[in-house]
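S.K.: have a look at this prediction, sequence included:
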Amino acid sequence: MLQLENTGLIVIDVQGKLARIVHESEKLIQNLEKLIRGCQILSLPIICAEQNPAGLGSTVPELQKLFANQKPIAKFSFNALENNLFKEAIIQSKRKRWIVCGIESHICVYQTVIGLLDASFEVEIAADCISSRTEENKILALNKLQNKGASITSVEMCLYELVKNSKNENFKEILNLIK
């Protein structure tokens with residue numbers, strides 16, 4: 001079960017034109033907005049990465065506005081943990097479990113999750129918050145990552161898991177976000 005005390009969110013490469021051409025891109029961005037806002041309501045640490053922003057563009061405006069006080073970490077390796085700033089942000093958060101979302105499922109999300117698992121972190125992949133240009137690559141990535149030890153979740157499942165019960169002070173705000 002996810003717990004507020006040891007969980008954080010990683011947002012991988014939801015950038016530029018690529019974010020607009022992945023499978024079900026509109027639904028993906030809507031789900032990502034809900035997940036990010038939910039994690040902000042719950043005060044989870046959030047780390048956002050961008051793959052070669054000069055070449056691929058910056059995080060899409062719908063998500064960029066949610067990170068007004070936080071600059072995404074630029075990276076060039078597909079595995080974000082190979083970036084020292086990213087790795088340091090992970091370490092400084094003191095979190096052992098990460099919810100991971102973003103694009104592309106079979107490249108940067110896949111390799112970053114493998115890096116997290118290899119570094120003994122626990123990973124929950126928000127399946128409705130990842131995508132690739134093809135649905136087949138998304139499915140392939142989810143299957144391989146689950147076989148390697150990652151757990152699969154969804155926006156609604158992980159947010160309610162973190163809230164735990166309807167008496168939680170953030171329950172109504174999360175409920176309104178999900179509706």
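M.R.: That came in fine, so what should we check first?
S.K.: from here on, just use CA atoms for contacts and neighbour counts.
M.R.: OK.
S.K.: hey, C-alpha coordinates of the strand or helix carrying Asn143 in PDB?
M.R.: Here Asn143 is covered by helix 135-147, with elements defined by DSSP states H and E. C-alpha atoms of helix 135-147 as PDB (Å, rounded to 0.1, in the frame of the first residue of the first chain):
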ATOM      1  CA  GLU A 135      -0.500   1.200 -27.600                       C
ATOM      2  CA  GLU A 136       1.600  -1.900 -28.300                       C
ATOM      3  CA  ASN A 137       4.700  -0.300 -26.900                       C
ATOM      4  CA  LYS A 138       2.800   0.800 -23.800                       C
ATOM      5  CA  ILE A 139       1.500  -2.700 -23.100                       C
ATOM      6  CA  LEU A 140       5.000  -4.200 -23.800                       C
ATOM      7  CA  ALA A 141       6.600  -1.700 -21.300                       C
ATOM      8  CA  LEU A 142       3.900  -2.400 -18.600                       C
ATOM      9  CA  ASN A 143       4.300  -6.200 -19.000                       C
ATOM     10  CA  LYS A 144       8.100  -6.100 -18.800                       C
ATOM     11  CA  LEU A 145       8.200  -3.700 -15.900                       C
ATOM     12  CA  GLN A 146       5.600  -5.700 -13.900                       C
ATOM     13  CA  ASN A 147       7.700  -8.800 -14.500                       C
END
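S.K.: centroid-nearest residue for the protein?
M.R.: Residue closest to the average C-alpha location in the chain (Cα atoms, centre = their mean): Cys101, at 2.6 Å.
S.K.: thought it was touching Thr112?
M.R.: No. Contact between Cys101 and Thr112 fails when scored by Cα atoms under 8 Å: they sit 10.4 Å apart.
S.K.: re the thing from before, pLDDT on the host helix or strand of the residue nearest to the centre of the chain, on average?
M.R.: If you go by DSSP H and E, Cys101 is part of strand 97-103. For strand 97-103, mean pLDDT rounds to 98.
S.K.: one more: stretch 51-64?
M.R.: In this model, stretch 51-64 has a mean pLDDT of 94.
S.K.: pull the CA atoms of that stretch into CSV?
M.R.: Written as CSV, here are the backbone C-alpha positions of stretch 51-64 (Å, rounded to 0.1, in the frame of the first residue of the first chain):
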residue,chain,number,x,y,z
GLN,A,51,14.5,14.8,-22.2
ASN,A,52,16.8,17.1,-24.2
PRO,A,53,14.4,20.1,-23.8
ALA,A,54,16.3,22.1,-26.4
GLY,A,55,15.5,19.4,-29.0
LEU,A,56,12.1,18.1,-27.8
GLY,A,57,10.6,21.3,-26.3
SER,A,58,9.5,21.9,-22.7
THR,A,59,6.8,20.3,-20.6
VAL,A,60,3.3,20.9,-22.1
PRO,A,61,1.6,24.1,-20.8
GLU,A,62,-1.2,22.2,-19.1
LEU,A,63,1.4,20.6,-16.8
GLN,A,64,3.9,23.4,-16.8
